[in-house]
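S.K.: Could you work out the structure for the sequence below:
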Amino acid sequence: MIVKWQRGVPVYGIPVLSGRFFVVAAVAALGAVLVIYRQVVGLGPTTGMTDAYAWGIWKTFNTMVLTALGSGSFAIGIAAWIFKKRRLHSVMRVALLISFVAYAAGLLALGVDVGRPWNFWNAMLPWRWNTGSALLEVSLCMPLYAMFPLFLENTPPLLERLYYLHPQLERPIRRLVPIIRATYPWVVALAYVLPILHQSSLGALMLLAGPRVHPLWQTPLLPLLYVWAAAFVGVATVIVVLLLCLLTWKRRLDAAVMRALAALTSGLALWWLVVRLIDILVRGQAFTAFSLDWYALVFWTETFSIGGAALALRRPRVLGSKYHLFWASMAIVAGGMIYRYAPPVLAFTAEPMASYTPSVIEILISLGFIAMAWLGFQIAVKLLPILPAPVGEWFDMADYYQHLYPWVAKWRAEHAASQHRPGYAN
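M.R.: Residues are numbered from 1 along each chain as shown. Sure thing, here's the model as predicted:
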């Protein structure tokens, strides 16, 4: 169930519940209360959206931005499995967990935005589909991606905890292992195909807006650029999360793995920027970028943020400093978020004189779902073998749990004759 280059160790010895946990839980609870309020009174009193700006932060942030932040497993998985970057396997569990909580939060928030989530079952009935909708593919691929590939790929850490801390469940878990291995190639295939489909569809959706999207962003390459941007933003997000975990829980990280992640992020971002700039030149919009207006400011902000940070990630001084690596990765995340947010909001022109300002309730509900994702990540890494660690740290954790759960060792001793347990640390 685990190999030497992919060893996860939970953040043991630290309580799940803490002061910070309760503060974030309060934000999540406030968001949940406001979600109920929104369902009762409708969109009008709770949002700043209008007919001209029907895509508020619930849609744009949750579909365009959160799905990009959660695309690290997609990009890292392709690099690890297809391009044989085996060193990256050690961070796959972190990437998969980030993807799952990001997509789950985004989908729940979309249910709040769209309304009547109890009618979602209609999406599972092909004869009820609106085949003329540009969002049909997105509405199908995103839930399928979250409920099948992401959910199934996050089950091994849970099964490992049950396997080693609840030995009485050994037999049913052992029966699951052949099924997991047999279906894994199909799960991995879906994990690659579904993100490509819905990420490109989000870009293609903005093609329908035509001239309402500023020419610096409106291009036939939008589907490709959206998928590509999601890839490097997702990998940069994994770097940021790993470094925050390192700081918070004093975890050790493999410097070679961080360099590999930085190289992957830098390469994806720089080549994406080259293609984007060439596209602008070919379409004759180069002078538009130097206009003294809001759009040029947004364009150069995202360009310098992504390009400057991508170049910085190639410098040994940046790679050798956790501080510089963190801020360079954060700059790429910020620039990528601006790019994904621009076509539907920042670079979008609706009806003349129309404007959109998110309401306080909109912002609080969005923060509530982000808090839920944070809580889910915290609970998972403290209870399950998610974060990578050296073999020695696994043995320390095994000793800790042996003293914490002495009855497990007693049960194993009593049933030793009937057990055929593999050596986890071998």
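S.K.: Now do the buried residues in stretch 13-28.
M.R.: If you call a residue buried by 16 or more other CB atoms under 10 Å, then stretch 13-28 has these buried ones: F21, V24, A25, V27, A28. In this view, the C-beta of every residue, glycine as well, is placed from N, C-alpha and C.
S.K.: now, which of those sits nearest R252?
M.R.: Closest to R252 out of the buried residues of stretch 13-28 is F21 (23.5 Å), distances taken as CB to CB.
S.K.: roughly how far apart are that closest one and E362?
M.R.: Per CB to CB, to the nearest Å, F21 is found 25 Å from E362.
S.K.: got a pLDDT number for the closest residue to S133 other than its chain neighbours?
M.R.: Leaving aside its sequence neighbours, S133 sits nearest to S139 (CB to CB, 6 or more residues apart in numbering; 7.7 Å). pLDDT for S139: 82.
S.K.: can you check L176 too?
M.R.: Reported pLDDT for L176: 84.
S.K.: so it touches P156, yeah?
M.R.: No - the criterion here is CB atoms under 8 Å, and L176 misses it with P156 at 9.9 Å.
S.K.: Just want to know which of these two has more residues nearby.
M.R.: When neighbours are counted by other CB atoms under 10 Å, L176 and P156 differ, and P156 comes out ahead with 22 against 14.
S.K.: Correct me if wrong: that one contacts I180.
M.R.: Yes - at 7.4 Å, P156 counts as touching I180 under the criterion of CB under 8 Å.
S.K.: secondary structure element for the nearest residue to P343 once chain neighbours are set aside?
M.R.: Of all residues beyond its chain neighbours, the one nearest P343 is M206 (4.2 Å), with distances taken as CB to CB, 6+ apart. Per DSSP states H and E, M206 falls inside helix 170-207.
S.K.: tell me what that helix is packed against?
M.R.: helix 66-69, helix 72-77, helix 136-145, helix 151-153, helix 155-165, helix 222-249 (3 or more CB pairs under 8 Å, 6 or more residues apart in numbering; DSSP states H and E).
S.K.: give me that answer again for 10 Å
M.R.: helix 66-69, helix 72-77, helix 92-114, helix 136-145, helix 151-153, helix 155-165, helix 222-249, helix 322-341 (3 or more CB pairs under 10 Å, 6 or more residues apart in numbering; DSSP states H and E).
S.K.: pLDDT on the longest one, on average?
M.R.: Averaging pLDDT along helix 222-249 yields 92.
S.K.: do stretch 27-39 as well
M.R.: Stretch 27-39 shows a mean pLDDT of 92.
S.K.: contact partners of it?
M.R.: Residues from elsewhere that reach stretch 27-39 (CB atoms under 10 Å, 6 or more residues apart in numbering): 22, 45-47, 58, 108-109, 111-113, 115-118, 360-376.
S.K.: Please pick the buried ones from those.
M.R.: Applying 16+ other CB under 10 Å to the contacts of stretch 27-39 flags 46-47, 58, 108-109, 111-113, 361-362, 364-376 as buried.
S.K.: Can you flag which of these belong to helices?
M.R.: Among the buried ones among the contacts of stretch 27-39, the members falling in helices (DSSP state H) are 58, 108-109, 111-113, 361-362, 364-376.
S.K.: least trustworthy helix or strand in the chain by mean pLDDT?
M.R.: Least confident helix or strand, the chain: helix 406-414 with a mean of 62, by mean pLDDT, DSSP states H and E.
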